[in-house]
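> Could you look at this predicted model? Sequence included:
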Amino acid sequence: MSIPTVSADIEPQPGQARAAARALRNRGFRVLDIGAWVSVDGPRTLWVQIFGVDFETHARPATEGIASPGSYARPRPGSVQVPADLAGVVKAVSFIEPPEFFAGH
Amino acid sequence: MARKKAAAKARGTRATGKKSARRARSGADTVRFEAVLTAHSGKSMFAPEAVLDSESLAEYAPARGRGKRAAHVLERLGFRVHHIGRYSISGESPRALWEKVFSTKVEKRRQAFSDTHPELGEVEYLSHVADVPFRMPADLESLVDRAYPQRPPMFFASPLPPRVAYHHLEVPADVAMVLRAAPMHTEGVTGAGVLVAMVDTGFYRHPFYTWQGFGYRATLAPDATRVEEDENGHGTGEAANIFSCAPDIEFIGVKMGGNPTLAFKAASDLHPAVMTNSWGYDLPGLSTLPNSLRPLEAAVIEAVRDRGITVCFSGGNGHVSFPGMMPDVISVGGVYAHEDLANGDFDLEASDYASSFDSQIYAGRHVPDLCGLVGMRPAGVYIMLPVSPGSTIDAGLAGGSFPGADETAAGDGWAVISGTSAASPQIAGICALLRQVEPGLSPPLVKSLLRASARDVTKGQSAMGQPAGEGHDGATGAGLADAAAACRLARSVQVRSLGSVPGPR
């Protein structure tokens, strides 16, 4: 059984996208894309360990969209802290929420 | 009238289906078989104690070259060999040859072509008669462990939709007709050579796409898995809307994983001419974009402005949708076409299921730009679409009656849905027609052509209560798309680069 992962887009410090990707990969995150932002995912426990994220489980009502999952992990506001050893390459972290699918239901 | 035409078309299609069943029956004197090769270890996968798994499978592999030698002997005996696999050989033979070589008897058996479509009839196949001996001939004994006739599979999803008694549209014909794409198809404007990408939940290989001959292909976003699985059914179904308008496009579905921005970027990296997206985020009451969505915003802008990709997004079903509200995209709303005609067109009404709103994030931006076909409240049950059998959508709408449910079976691989999820791929298909007519069209010009050629919708209101009216209106924007009119307009456009435009005097 696979471990649920949490996805995020990392805003690197100017000119540090590849360095940020390398640093995050070295800490156990999976780097999925390197562009203006660095797309990564990793186990919820890793986010807690590295970025001190305090997650809450957000339940999405069934009426919001036929394809939406019932619940997902969402960070509590202000709980994401870029650690000092990553501050030189990581500017901010944006967590990904599942989208709505606009079919009839 | 539309219903009568649709019914006539459906009858014609069903006749084709029966022919296919008859074709299957005509092959009932042929044994289609798998001959399992003897293993180098001396073990047999048919032994009572045998367990096949990833660790033990190698024990049942044949010695090197045994497959080719067995195939050679089978061909010498008169069998037709189709494929030499690692563990077995696939082939076929006339019934008499099979019975003679193996000193055995086979008999005809029948099974339903599809348990969800009994009207498709039955298929016949040949199977061993119970308790009749089967002897491996001497020259195959050391090469082939066992050989078995193969039973035809049951098709759980039919290429044909089920019959329902209420007004609805079928793909591809009805959608193409109402959006006036069908006349362009007869002129050879079918989207041929135009790559269209769709980011969605997955792309199950539904027989509908195979039987229609559509170029339906899929790939994975970097964080997604199992490309042909679509547990939700959304992507599999909505893709049919694109092919309705542009049957000859080059299509690539991109299955998203946990990060839709990543899937969008993966699709954009393929540099398609057109992208369609039937998803987004509901941002009611917000006047600034959340930081978490900035990467998606940047990816959309890059696709449209830097790569020249025409990007369509659903406007939402009562949602204040992002990226559907971005000025760069074609934001698609919904119009419902009744089955009756009025003033030379279908009786058109703004869908009360589809969004319309003024963005508070992008000043001056109204959603939608124009509309595709969308059903009405309470559930938007409107277009019969192929979905993965037993998927969330397939099961979710079954078990009730119209208009709250779709009256199809839970596992039949069909659902009657819509929403602006259907409208965006319809418009994307029309964009592909425009790009075939005039490959140099820029995304803003494509949007302008679509809006300028749309049909005015003057009655009804959107999910937000904005009314439709004469000319451009809140509920439908420019109105319902008209593919033929848009293509005619595109033919008259002379694409010029900025360098060729005379400077101001």
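Yep, it's here. Residues are numbered from 1 along each chain as shown, chains lettered A, B, ... in the order given.
> from here on, contacts and neighbour counts on C-alpha atoms
Will do.
> got the residues of chain A near chain B?
When proximity is defined by CA under 8 Å from any CA of the partner chain, chain A lies next to chain B at A:6-9, A:32-33, A:36-37, A:39, A:66-67, A:93-105.
> so which helix or strand takes in residue 98?
No chain specified, so I'll use chain A. For A:P98, there is no helix or strand it lies in under DSSP states H and E.
> Actually, chain B is the one I wanted.
helix B:95-101.
> what are the ranges of the helices in chain B?
B:2-26, B:66-77, B:95-101, B:138-141, B:173-178, B:182-186, B:207-212, B:234-245, B:260-268, B:294-301, B:392-396, B:420-437, B:443-453, B:483-491 (DSSP state H).
> and if you look at chain A?
Applying DSSP H to chain A gives helices spanning A:17-26, A:44-51.
> can those helices go into JSON lines with extra columns for distance to B:A173, mean neighbour count and mean pLDDT?
Formatted as JSON lines, the helices of chain A follow (distance: least, CA to CA, whole Å; neighbours: other CA atoms under 10 Å in any protein chain shown; pLDDT from 0 to 100):
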{"stretch": "helix A:17-26", "distance to B:A173": "48", "mean neighbour count": "18", "mean pLDDT": "96"}
{"stretch": "helix A:44-51", "distance to B:A173": "47", "mean neighbour count": "16", "mean pLDDT": "96"}
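> Can you check which of these gets nearest to B:I417?
Checking those against B:I417 by CA to CA gives helix A:44-51 as the closest, at 35.2 Å.
> how about low-confidence regions in the chain?
No chain in the question, so chain A it is. A:1-3, A:61-70, A:104-105 (pLDDT under 70).
> Switch to chain B, please.
B:1-28, B:53-55, B:112-121, B:152-157, B:497-505.
> Residues of it that sit close to chain A?
So far as CA under 8 Å from any CA goes, chain B lies against chain A at B:222-223, B:232, B:234, B:258-260, B:262, B:278-282, B:291-293, B:295, B:314, B:316-317, B:375, B:379-381, B:392-393, B:396-397, B:417-422.
> if we can go back for a sec, I'd like to know which of the helices of chain B is closest to A:Q16.
When the helices of chain B are compared (using CA to CA), the closest one is helix B:294-301, at 16.2 Å.
> re the thing from before, what about the helices of chain A, which gets the closest to B:D456?
helix A:17-26 (48.4 Å).
> Can you spell out which helices and strands pack onto the longest strand anywhere in chain A?
Secondary structure of chain A per DSSP state E: the longest strand is strand A:5-12. With contacts taken as 3 or more CA pairs under 8 Å, 6 or more residues apart in numbering or on different chains; DSSP states H and E, strand A:5-12 sits against strand A:38-43, strand A:90-95.
> and it, which residues are buried?
Counting neighbours by 16 or more other CA atoms under 10 Å in any protein chain shown, one finds that the buried residues in strand A:5-12 are A:5-12.
> Between strand A:90-95 and it, find me the angle.
150 degrees (axes from the mean of the first three to the mean of the last three CA atoms, to 10 degrees).
> in its sheet, what does strand A:5-12 sit against?
strand A:38-43 (antiparallel), strand A:90-95 (antiparallel) (DSSP bridges).
> Dig out what B:I330 forms beta bridges with.
B:C312.
> pretty sure it contacts B:I309?
No. The pair B:I330 / B:I309 is not scored as a contact, 11.1 Å apart, by CA atoms under 8 Å.
> If you count surrounding residues, which of these two has more?
When neighbours are counted by other CA atoms under 10 Å in any protein chain shown, B:I330 and B:I309 differ, and B:I330 comes out ahead with 32 against 23.
> one step back: take the helices of chain A and write them to TSV, including distance to B:T186.
As requested, the helices of chain A are exported to TSV (distance: least, CA to CA, whole Å):
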stretch	distance to B:T186
helix A:17-26	51
helix A:44-51	54
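> Compare these and give me the one nearest B:I301.
helix A:17-26 (19.5 Å).
> Would you mind measuring from B:A452 to chain A?
Counting by CA to the nearest CA, to the nearest Å, the gap from B:A452 to chain A is 26 Å.
> same deal with B:H40?
Distance, B:H40 to chain A, using CA to the nearest CA: 34 Å.
> what number of residues lie near that residue?
Neighbour tally, B:H40, other CA under 10 Å: 16.
> Run through the residues that contact it.
For B:H40, the contacting residues are B:59-63, by CA atoms under 8 Å, 6 or more residues apart in numbering or on different chains.
> What's the ChimeraX syntax to select whichever of those residues are buried?
Buried subset of those, written as a ChimeraX selection, criterion 16+ other CA under 10 Å:
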select /B:60,61,62
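> Out of the contacts of B:H40, which comes closest to chain A?
Nearest to chain A among those, counting by CA to the nearest CA, is B:E59 at 27.1 Å.
> Which residue, neighbours along the chain excluded, lies closest to that closest one?
B:S41 (6.1 Å; CA to CA, 6 or more residues apart in numbering or on different chains).
> Go through the helix holding B:W98 and flag the buried ones.
B:95, B:98-99, B:101.
> Repeat that for stretch B:259-275.
Buried residues in stretch B:259-275 (16+ other CA under 10 Å): B:259-268, B:271-275.
> Just flag the most distant two among the residues you listed.
So, the buried residues of stretch B:259-275 by CA to CA: farthest apart are B:N259 and B:A273, at 22.8 Å.
> Just the CA trace of stretch B:387-404, in CSV.
The C-alpha trace of stretch B:387-404 is given here as CSV (Å, rounded to 0.1, in the frame of the first residue of the first chain):
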residue,chain,number,x,y,z
VAL,B,387,-17.1,6.4,-19.0
SER,B,388,-15.0,3.7,-17.4
PRO,B,389,-17.4,0.9,-16.2
GLY,B,390,-18.2,1.1,-12.5
SER,B,391,-16.4,4.5,-12.2
THR,B,392,-17.6,7.1,-9.7
ILE,B,393,-19.6,8.9,-12.4
ASP,B,394,-21.0,5.7,-13.9
ALA,B,395,-22.2,4.5,-10.5
GLY,B,396,-23.0,7.9,-9.1
LEU,B,397,-25.8,8.8,-11.5
ALA,B,398,-27.3,5.4,-11.8
GLY,B,399,-30.2,4.0,-9.8
GLY,B,400,-32.6,6.9,-10.1
SER,B,401,-34.8,8.6,-12.7
PHE,B,402,-34.3,11.7,-14.8
PRO,B,403,-33.7,14.5,-14.1
GLY,B,404,-31.9,13.7,-10.8
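> coming back round to it: which one of the helices of chain A lies nearest to B:L480?
That would be helix A:17-26 among the helices of chain A, by CA to CA, at 43.9 Å.
> still on that earlier bit, in strands, which of the residues of chain B next to chain A fall?
Reading strands off the residues of chain B next to chain A with DSSP E, I get B:279-282, B:314, B:417.
> if we can go back for a sec, pick the most deeply packed of the strands paired with strand A:5-12.
strand A:38-43 (a mean of 22; mean count of other CA atoms under 10 Å in any protein chain shown).
> now the angle from that strand to helix B:260-268?
130 degrees.
> rewinding a little: show me how far the longest strand of chain A is from its chain's centre.
Relative to its chain's centre, strand A:5-12 lies at 4 Å (CA atoms, centre = their mean, to the nearest Å).
> cool, stretch B:177-185 as well?
On CA atoms, centre = their mean, the centre of stretch B:177-185 falls 19 Å from the chain's centre.
> which residues touch that stretch?
With CA under 8 Å, 6+ apart as the criterion, stretch B:177-185 contacts B:173, B:176, B:190, B:245-246, B:337, B:346, B:372, B:430, B:480-484, B:487.
> again with stretch B:89-96
Outside of stretch B:89-96, the residues within contact range by CA under 8 Å, 6+ apart are B:29-37, B:67, B:71, B:78-84, B:106.
> hang on, the earlier thing: turn the buried residues of strand A:5-12 into TSV, columns for distance to B:S492.
Formatted as TSV, the buried residues of strand A:5-12 follow (distance: CA to CA, whole Å):
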residue	distance to B:S492
A:T5	52
A:V6	50
A:S7	47
A:A8	46
A:D9	44
A:I10	46
A:E11	45
A:P12	47
